[in-house]
Structures are given as structure tokens and as C-alpha cells.
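**Student:** sequence first, then the predicted structure:
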Amino acid sequence: MIETKQKERLRRLSECLKRSGRIHLKEAARILEVSEMTIRRDLSADTEGPIPMSLLGGYIVSVTQPANLATQEPQADVFTPDQTEELYIPNLAASMVTEDDVIFFDNGIEMATLISLIPEEINFTGICYSHNVFLALSQKKNATALLCGGEYRPKSDSFYNPSLPSLLDSINPKKAFISAAGVHGNFGVTCYNLDDLPMKKKAMEKSIRKILLAPYNLFDEVATANMGELSQFDVIVTNRQLSDEYETYCRNGFVKVIY
């Protein structure tokens, strides 16, 4: 059955609520790439969503949860703020996955969590070169997992051989989730593992939409290997608002920031 755009938005919102308990209207608009008014209309429509939702004090919440957000106790299936902090980036990224997406997943510690948060009913194809990421994809019943072959490199738990053809030579992923160890205005986006650099660069070259996953504390950090400039990315997913300097840089470079 084909989802309408409205039903898809409601479904993605419900997945966010399952993981974090609530989401601010402004953040929801950023994630779904629509106006706040569009989300207000979605919530007030008669369309049946996956779970009942309501807008309270600027936050979207499940109507089955207590209305007083300031005093409600953590529930068994809702993460506490400390737990949620670790899930902000993978949860936001997972909400960007849509039906029939072809996605490149980089070799990063958040990738397996991101994949686990993708709704089970979504059909998608995941391309990876990390053994750990491949195992995570193999657990998703509606995911097609493609592993780039080559020599196994234990240091990075990945497969790569620059002298052999790659799946990415003939595939243009719709999205690429890229991880980093540092983001700097002068030195660009960097990582520590030189073995990963060729695959990161090839994925950025071949993917239609490049999405950088970077916690706010990595900004102004510099690692060994440079994978490109920040302006080469279409979207940055982070966990807190960036400094005015980086916000201005992103606006001028047409890089969308989601947090």
C-alpha cells in the first residue's frame, strides 16, 4: 500500500516519539523538511496515524503520555534525557530513511544504532563496507544489504581494496550517511582511519545527497585524514545548535542543519 505524504510524515513522527518520548515542533519541521504549519495541519487532520499525537506547549507528544512534560516520570519504553542524548543523531538520521531508498552507510560507531532505529516496515537497500554495519543491516527483514568486497582490515573492521572494482562504481546511492572525527572551518571534515578515507570519498562522489553525522563537540576538532570541505555536504545532523560561526557558514553554503 502506498503511503500518502501526510501519512508518511505522521509515521516518521511516531517513530521519533517511540525513541525520545517527545519532539519539539521546530525540530520536527527540520527533520521532515516542511513548515511548522504543515505539521500542525497533519496533527489536526482526521487521518489515522500509527499512534495518537498531540501538540502541547510546542512539543509533539503521544496523547497516551502524561500532559505535564515538566513533571512526568520516565516510562519503561521511553528513554531518559541522558539516554536520549546518545540517540539524538542516529534517531534523527533514521527518520530520514524513506521507502525504497538506496543508502550508503559509512563505518562509524553510530551506524548500527541508526540502522536499528529504521522502522521495520520500510523497504530499503543499504550499501556498506563495514562488517559491523553489514551485520546490523542483515537484522532488518525488509533491507537488502550490499557489502563492498575486498581485503578485510581488522583495524577498522572493514573491507576495501583500491585495486578492485567497487559496488559504488555503478551505483548512485540516494543518500549517504557519513561519520567524522572532526569538523573545522579551515581544515574541513576529517577522520582518523586512513583505511576508511577512499570509501568515504567515493561515497561522497557518487551519492546524490550527502548527510554528515557529527556531534556538536566535534566542531573545531581536526583529525588526520581529510575527506572534504563542510560545504560539500547537503545536510548536517548534530545533537545541539551550532555556534553562530558554523550556522552562518552552513547558511551561506546551503548546508541544512538538523538537530
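**Tutor:** All right, it came through fine. Numbering: from 1, shown residues only.
**Student:** list the residues that contact residue 135.
**Tutor:** residue 112 (CB atoms under 8 Å, 6 or more residues apart in numbering). (Glycine included, C-beta is placed from N, CA and C.)
**Student:** cool, and residue 245?
**Tutor:** residue 185.
**Student:** now do residue 138
**Tutor:** Applying CB under 8 Å, 6+ apart, we find residue 138 in contact with residue 145.
**Student:** look up how far residue 105 lies from it.
**Tutor:** Distance from residue 138 to residue 105, counting by CB to CB, to the nearest Å: 12 Å.
**Student:** before we move on, what about residue 202?
**Tutor:** 14 Å.
**Student:** so the two - more neighbours on which side?
**Tutor:** residue 105 (28 against 20; other CB atoms under 10 Å).
**Student:** pLDDT at the more buried one, what is it?
**Tutor:** Per-residue confidence (pLDDT) for residue 105: 97.
**Student:** that one is in contact with residue 116, isn't it?
**Tutor:** No - assessed by CB atoms under 8 Å, residue 105 is found out of contact with residue 116, at 11.9 Å.
**Student:** excluding its backbone neighbours, what's nearest residue 149?
**Tutor:** Counting by CB to CB, 6 or more residues apart in numbering, residue 149 lies nearest to residue 159, which is 5.8 Å off, once chain neighbours are set aside.
**Student:** what's the helix or strand for that neighbour?
**Tutor:** Per DSSP states H and E, residue 159 falls inside strand 158-160.
**Student:** what does residue 34 give?
**Tutor:** Assigned by DSSP H and E, residue 34 belongs to neither a helix nor a strand.
**Student:** which residues touch the closest residue to it other than its chain neighbours?
**Tutor:** Using CB to CB, 6+ apart and skipping the chain neighbours, the partner closest in space to residue 34 is residue 9 (7.0 Å). Each residue near residue 9 by CB under 8 Å, 6+ apart is listed here: 32, 34, 38, 39, 42.
**Student:** same question, residue 8
**Tutor:** Contacts of residue 8 (CB under 8 Å, 6+ apart): 98, 99.
**Student:** that one: what secondary structure?
**Tutor:** Under DSSP: H, G, I helix; E, B strand; the rest coil, residue 8 falls in the helix class.
**Student:** now do it, the pLDDT please.
**Tutor:** The model reports residue 8 with a pLDDT of 85.
**Student:** ok, now residue 174?
**Tutor:** 97.
**Student:** can you say which of the contacts of residue 9 are buried?
**Tutor:** Listed as buried from the contacts of residue 9 are 32, 38, 39, 42; burial here means 16 or more other CB atoms under 10 Å.
**Student:** sec struct for residue 14, please.
**Tutor:** helix.
**Student:** quote the end-to-end distance of stretch 126-134.
**Tutor:** 8 Å (CA to CA, to the nearest Å).
**Student:** how many neighbouring residues does residue 169 have?
**Tutor:** So residue 169, with other CB under 10 Å, has 10 neighbours.
**Student:** just read off the phi/psi values of it.
**Tutor:** Note on residue 169: backbone dihedrals following degrees, to the nearest 10 are phi -70, psi -30.
**Student:** quick one, what contacts the residue nearest to residue 149?
**Tutor:** 129, 130, 131, 147, 148, 149, 150, 151, 152, 153.
**Student:** quick one: pLDDT of it?
**Tutor:** 84.
**Student:** and the nearest residue to residue 16 once chain neighbours are set aside, what helix or strand is that in?
**Tutor:** Here the nearest residue to residue 16 in space, its sequence neighbours aside, is residue 23; by CB to CB, 6+ apart that works out to 4.9 Å. In the assignment (DSSP H and E), residue 23 maps to strand 22-24.
**Student:** what's across from residue 23 in the sheet?
**Tutor:** residue 60 (DSSP bridges).
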